[in-house]
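Undergrad: I would like to see how this sequence folds:
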Amino acid sequence: MSYLAGNIRFLRKQKGLTQQDMADQLNIQRTMISAYEDGRSEPKLATLLQIAEILESGVEELLEHDIEKEGRKALQKRKINILTIAADESDRENITLVPQKASAGYLNGFADPEYMEQLPQFHLPNLPRQATYRAFELAGDSMLPLISGTIIIGAYVDQLSQIKSGRTYVLVTASEGVVYKRVFNYLAENGKLFLVSDNEHYKPYEVRGEDVLEVWEAKAFISTDFPNPGDKKKSLSLADLGDMLKDIQEDLRKLKD
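TA: Numbers count the residues shown, from 1 in each chain. Below you'll find the predicted structure:
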């Protein structure tokens, strides 16, 4: 059963468009929109793709999902993923690390136990035990001040509806691969997530909820890049460093005496 007619009508009204508005954008007669919404006619593929873009929906959602009754498809209860988890001899969960070079392979291998066993594993203290964690190595500079090579520790998020706008997440997506971004949740409005880089030189972009395979909320990071004190307070001058060195030398002298 196709839900196309009802979905076009519902989403068009939700976006505040008249039939004429939509017809103008598609460069067709208004009567064709009426026919689509009444189920008297169905759009050709090229027109259907345009309709999906205007209504900010996927073709599959338009055809196979009752949006008015069930809500956006991306917000529906997703099938529980069976996560491949490694454990030590004490049956304590390890954190599996996905290095930069393995991120492409992870898209195909994240559900394959043999693939996951080949990835590095480690423990971190003080993480709450009720969550499952995974680590991802960053590439690039889109999330400065975190630099390339920083390792993000993420807690598994089961449902997309649990994504909280403004927080940072590692998303494993069919369309963009493995990405670490600040995420804004617009799934209820248009079935999409809005991804923003902390580095303002990178433009924000959207991903459809249906394209998201895994979500990991950032909980900690590991980096070899130490914070620069000069970022938050005045940098020490050579004179200051010289005075500090003299004080240390004086303290050492007193200890020897």
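Undergrad: now the helices for the stretch 51-200 of the chain?
TA: 59-64, 67-70, 103-109, 113-117, 187-190 (DSSP state H, counting those that start in this stretch).
Undergrad: could you identify which of these is most buried?
TA: helix 59-64 (a mean of 17; mean count of other Cβ atoms under 10 Å). All C-beta atoms are positioned from the backbone trio N, CA, C, and that covers glycine.
Undergrad: for that helix, C-alpha coordinates in PDB please.
TA: Coordinates of each C-alpha in helix 59-64 appear next as PDB, following Å, rounded to 0.1, in the frame of the first residue of the first chain:
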ATOM      1  CA  VAL A  59      11.100   8.800  -1.400                       C
ATOM      2  CA  GLU A  60      10.900   5.600   0.700                       C
ATOM      3  CA  GLU A  61       9.200   7.600   3.500                       C
ATOM      4  CA  LEU A  62       6.700   9.200   1.100                       C
ATOM      5  CA  LEU A  63       5.700   5.800  -0.400                       C
ATOM      6  CA  GLU A  64       5.800   3.400   2.500                       C
END
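Undergrad: can you tell me which helices and strands it packs against?
TA: Packing partners of helix 59-64 (3 or more Cβ pairs under 8 Å, 6 or more residues apart in numbering; DSSP states H and E): helix 4-14, helix 45-54.
Undergrad: which one of these is the most hemmed in?
TA: Greatest burial across the helices and strands packed on helix 59-64, using mean count of other Cβ under 10 Å, falls to helix 4-14, with a mean of 19.
Undergrad: show the average pLDDT along the helix or strand just after it.
TA: Next helix or strand after helix 4-14 toward the C-terminus (DSSP states H and E): helix 19-26. Mean pLDDT, helix 19-26: 94.
Undergrad: by contact count, what packs against the next helix or strand after helix 19-26?
TA: Reading on from helix 19-26 to the C-terminus, the next helix or strand found by DSSP H and E is helix 30-38. Contacts defined by 3+ Cβ pairs under 8 Å, 6+ apart place helix 30-38 against helix 4-14, helix 19-26.
Undergrad: can you give the contact residues for the first one?
TA: Contacts with helix 4-14, where a contact means Cβ atoms under 8 Å, 6 or more residues apart in numbering, come from 19, 22, 33, 36-39, 42, 51, 55-57, 61-63, 65-68.
Undergrad: let's see that with 10 Å instead.
TA: Residues from elsewhere that reach helix 4-14 (Cβ atoms under 10 Å, 6 or more residues apart in numbering): 3, 17-19, 21-22, 33-43, 48, 51-52, 54-57, 59, 61-69, 72, 189-191.
Undergrad: using CSV, write out every CA atom in it.
TA: Extracted in CSV, the C-alpha atoms of helix 4-14 (Å, rounded to 0.1, in the frame of the first residue of the first chain):
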residue,chain,number,x,y,z
LEU,A,4,2.0,8.8,-1.2
ALA,A,5,-1.2,10.8,-1.7
GLY,A,6,-1.8,11.4,2.0
ASN,A,7,1.8,12.2,2.7
ILE,A,8,2.0,14.8,0.0
ARG,A,9,-1.1,16.5,1.3
PHE,A,10,0.0,16.3,5.0
LEU,A,11,3.6,17.5,4.4
ARG,A,12,2.5,20.3,2.0
LYS,A,13,0.1,21.7,4.6
GLN,A,14,2.7,21.3,7.4
